[in-house]
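>>> whatever this is, show me its structure:
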Amino acid sequence: MISLTFRILLFFILSIFFTFISRRSLRNRHSHGFYRYFAFEGVTILVLYNHPVWFNSPFSALQCLSWLLLLLSVALVIHGFVLLKRVGGQEQRAACPENLPFENTKNLVQSGLYCYIRHPMYSSLLLLAWGAFLKRIDLITLTMVVMVSVALFLTAKVEEGENVSYFGNDYRTYQARSKMFFPFVF
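The predicted structure is shown next:
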């Protein structure tokens with residue numbers, strides 16, 4: 001088990017990393033990266049806070065559900081990232097200089113999981129947050145998972161505005177036939 005001191009130190013190190021990669025977005029609260037930063041921070045808190053109990057009662061229903069969500073999270077982020085790189089291509093967007101390079105796709109990705117959901121990587125973070133939450137359910141984790149969920153919803157909404165500005169009616173059509181985070185649901 002990792003000591004509390006080490007978990008606090010790790011939180012500060014990860015916060016410095018997230019702050020560094022989000023530094024341009026944090027100056028522009030109208031960018032999706034601004035809200036995503038708070039989701040990253042919240043997920044980090046959930047994971048590190050719950051670390052001591054991750055392997056308690058490993059075969060209980062909540063633990064099994066938690067592990068399923070965590071595994072799905074990994075699959076979604078890998079699938080989403082690979083499709084963005086392969087299909088999306090890359091192009092600098094003057095209107096979004098704070099975006100990370102892989103986010104500025106020149107092609108609207110609508111294949112693979114993107115046929116069904118517009119934000120598989122944010123879905124991945126949602127699953128990660130809820131999977132970590134299920135490890136230990138208390139007021140702190142409930143507050144954090146709700147905050148992460150709201151931050152990711154805001155992230156997706158702002159990014160969709162950016163995508164409508166860039167892709168126009170193609171993105172609006174895509175929005176009409178796909179869900180935001182979970183196929184056939186939401």
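>>> from here on, just use CA atoms for contacts and neighbour counts.
OK.
>>> just for the chain, where's the confidence low?
Within the chain, the set of residues satisfying pLDDT under 70 comprises 1.
>>> you'd agree residue 124 is up against residue 73?
Yes - proximity of residue 124 to residue 73 meets the contact threshold set by C-alpha atoms under 8 Å, at 4.2 Å.
>>> show me where this structure has helices.
In the chain, the helices defined using DSSP state H lie at 4-21, 23-26, 32-50, 61-83, 120-133, 139-167, 169-177.
>>> could you list every helix and strand in contact with the fourth one?
Other elements packing on helix 61-83 under the criterion 3 or more C-alpha pairs under 8 Å, 6 or more residues apart in numbering; DSSP states H and E are helix 120-133.
>>> before we move on, the earlier item: for residue 93, find the nearest of the helices of the chain.
With respect to residue 93, and counting by C-alpha to C-alpha, the nearest of the helices of the chain is helix 139-167 at 8.3 Å.
>>> give me the helices and strands touching that closest one, please.
Helices and strands touching helix 139-167, by 3+ C-alpha pairs under 8 Å, 6+ apart, are helix 32-50, helix 120-133, helix 169-177.
>>> just the angle between the shortest one and helix 139-167, please?
What that stands for is helix 169-177. Between the axes of helix 169-177 and helix 139-167, defined by axes from the mean of the first three to the mean of the last three C-alpha atoms, to 10 degrees, the angle is 140 degrees.
>>> can you name the farthest residue from the center of this structure?
residue 57 (27.4 Å; C-alpha atoms, centre = their mean).
>>> spatially nearest residue to that one (excluding sequence neighbours)?
Distances taken as C-alpha to C-alpha, 6 or more residues apart in numbering place residue 63 nearest to residue 57, at 7.1 Å, with adjacent residues excluded.
>>> what number of residues lie near that neighbour?
By other C-alpha atoms under 10 Å, the residues close to residue 63 number 21.
>>> what's the answer for residue 2, then?
9.
>>> residue contacts, it?
The neighbourhood of residue 2, defined by C-alpha atoms under 8 Å, 6 or more residues apart in numbering, consists of 51, 52.
>>> ok, now how distant is it from residue 132?
The gap separating residue 2 from residue 132 is 16 Å, by C-alpha to C-alpha, to the nearest Å.
>>> save the helices and strands packed on helix 139-167 as a markdown table, and put in distance to residue 21 too.
Listed next are the helices and strands packed on helix 139-167 as a markdown table, based on distance: least, C-alpha to C-alpha, whole Å:
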| stretch | distance to residue 21 |
| --- | --- |
| helix 32-50 | 9 |
| helix 120-133 | 17 |
| helix 169-177 | 27 |
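>>> wait, which of those is closest to residue 84?
With respect to residue 84, and counting by C-alpha to C-alpha, the nearest of those is helix 120-133 at 10.2 Å.
>>> between the closest one and helix 32-50, how many degrees?
20 degrees.
>>> and helix 120-133, how far from the chain's centre?
Centre-to-centre, helix 120-133 and its host chain are 6 Å apart (C-alpha atoms, centre = their mean, to the nearest Å).
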